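Student: Sequence below, structure please.
(one chain, ligands or ions: 2)
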Amino acid sequence: MSDLRPPEHQVAGHRASANKLGPLVDGSGLFYKPLQAGDRGEHEVAFYEAFSAHAAVPPRIRDTFFPRFHGTRFLPTKAQPGEPHPHLVLDDLLAGLDAPSVADIKIGAITWPPGSPEPYVAKCLAKDRETTSVLLGFRVSGIRVVGTGGAVWRTERPEVKALDTAGVRRMLRRYVSSVSGEGADCALAAAVYGGEGGVLSQLRELKAWFEEQTLFHFYSASILLGYDANAVSATGGVGGGVRVKLVDFAHVAEGDGVIDHNFLGGLCSLIKFISDIVSETPETPPLGPS
Ligand SMILES: O=P(O)(O)O[C@@H]1[C@@H](OP(=O)(O)O)[C@H](OP(=O)(O)O)[C@H](O)[C@H](OP(=O)(O)O)[C@H]1OP(=O)(O)O
Ligand SMILES: Nc1ncnc2c1ncn2[C@@H]1O[C@H](COP(=O)(O)OP(=O)(O)O)[C@@H](O)[C@H]1O
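Tutor: Numbering: from 1, shown residues only. Ligands and ions are numbered 1, 2, ... in the order given. A predicted model of the protein is given here:
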């Protein structure tokens, strides 16, 4: 427990600091997310409890695309000395990856659940319009790429907030590029995005579920992509697999028998962007960073 620290690979969301709560890890394979203020934290716990036990959620979907939920735990934090704070205990989705390249993509043209207070709706709508959410049905919230020689390239908040359509395409290309700096050779596109078990095939499996499921509406949730940049082989495979997961359930609403067209639309749009990158990229054997 003394080893608690902010995750090195966090790419978006609230970050832990001397005066702010944020997620923590301790190297045990678990990820601790502080319960957020107001009813949000309790809402996220309630989602995980309902989702984990729901008989209508296919086990394959739950196990493949969602972090496992291990209950809640009070933990000490730097932001609130002497006042342990409750945290969701989740699987660390990047555990076991030597050099995680990570992308957080917030799905949906609308990021607030029905019934939200007007000031919150206004705040979210402004962000959805300023970013690509309204136009594309998703926005890139943050990316971290480990390149040749282990150099880490990552986005800064103001930069991702200002991305337009071309910028989003550039980021999705950069995520599968092995060069350092701003360039994008897409050398890893076939291995990470394409092929059996790649991002595209997983997103299509997730989409098939979203075409059916009417249990939950995932407002403001993100798709988290992860792969080990040190494990992309010359034959095109990725050791440890490519991870495609959903995170951030503070704004999930009841589905009430209606499909989540907001999430589904964004997912289709993301699939199209990624499949365009794969088809435009010649299948050259990737060289992982060394
Ligand atoms: O608190 P803020 O204003 O920094 O906004 C958070 C966003 O940071 P931003 O400044 O847009 O990069 C933050 O955005 P990122 O995840 O960093 O893209 C989230 O949208 C967060 O919402 P929630 O945790 O999903 O409810 C946002 O929190 P809420 O708007 O839900 O409070
Ligand atoms: N279970 C997890 N395992 C590993 N990293 C995670 C996990 N959940 C979230 N993250 C990381 O933390 C970031 C913020 O998580 P999120 O749940 O969206 O928090 P917030 O509600 O503050 O936006 C994500 O972009 C990702 O980098």
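
Student: Check the gap between the nearest residue in space to residue 136 that is not next to it in sequence and ligand 2 for me.
Tutor: Leaving aside its chain neighbours, residue 136 sits nearest to residue 269 (5.3 Å; criterion: Cβ to Cβ, 6 or more residues apart in numbering). All C-beta spots, glycine's among them, are computed from the backbone N, C-alpha and C. Computed as Cβ to the nearest ligand atom, to the nearest Å, the residue 269 to ligand 2 distance reads 19 Å.

Student: residues near residue 269, how many?
Tutor: When neighbours are defined as other Cβ atoms under 10 Å, residue 269 has 18 of them.

Student: Verify the stated contact: it with residue 138.
Tutor: Yes - counting by Cβ atoms under 8 Å, residue 269 touches residue 138, with 6.0 Å between them.

Student: Need the three-state assignment for the residue nearest to residue 136.
Tutor: helix (DSSP: H, G, I helix; E, B strand; the rest coil).

Student: Same question for residue 10.
Tutor: Using three-state DSSP, the structure places residue 10 in coil.

Student: what about it, neighbour count?
Tutor: 19.

Student: Check what pLDDT the spatially most central residue of the chain gets.
Tutor: Nearest residue to the geometric centre of the chain (Cα atoms, centre = their mean): residue 224, 2.1 Å. Residue 224 is assigned a predicted lDDT (pLDDT) of 98.

Student: ok, now how distant is it from ligand 1?
Tutor: On the measure of Cβ to the nearest ligand atom, residue 224 and ligand 1 end up 11 Å apart.

Student: show me the contacts for the nearest residue to residue 229 once chain neighbours are set aside.
Tutor: Nearest residue to residue 229 in three dimensions, chain neighbours excluded: residue 146, at 3.7 Å (Cβ to Cβ, 6+ apart). If you count contacts by Cβ atoms under 8 Å, 6 or more residues apart in numbering, residue 146 has them with 99, 100, 101, 152, 153, 229, 230, 289.

Student: Return the set of buried residues in the helix or strand where residue 49 lies.
Tutor: Secondary structure from DSSP states H and E places residue 49 in helix 40-53. Buried residues in helix 40-53, counted by 16 or more other Cβ atoms under 10 Å: 41, 43, 44, 45, 47, 48, 51.

Student: ditto for stretch 138-158
Tutor: So for stretch 138-158, counting by 16+ other Cβ under 10 Å, buried means 138, 139, 140, 141, 142, 143, 144, 145, 146, 147, 153, 155.

Student: so who does the last one touch?
Tutor: With contacts defined as Cβ under 8 Å, 6+ apart, residue 155 is in contact with 11, 140, 142, 143, 144, 171.

Student: Right, I'll leave it there.
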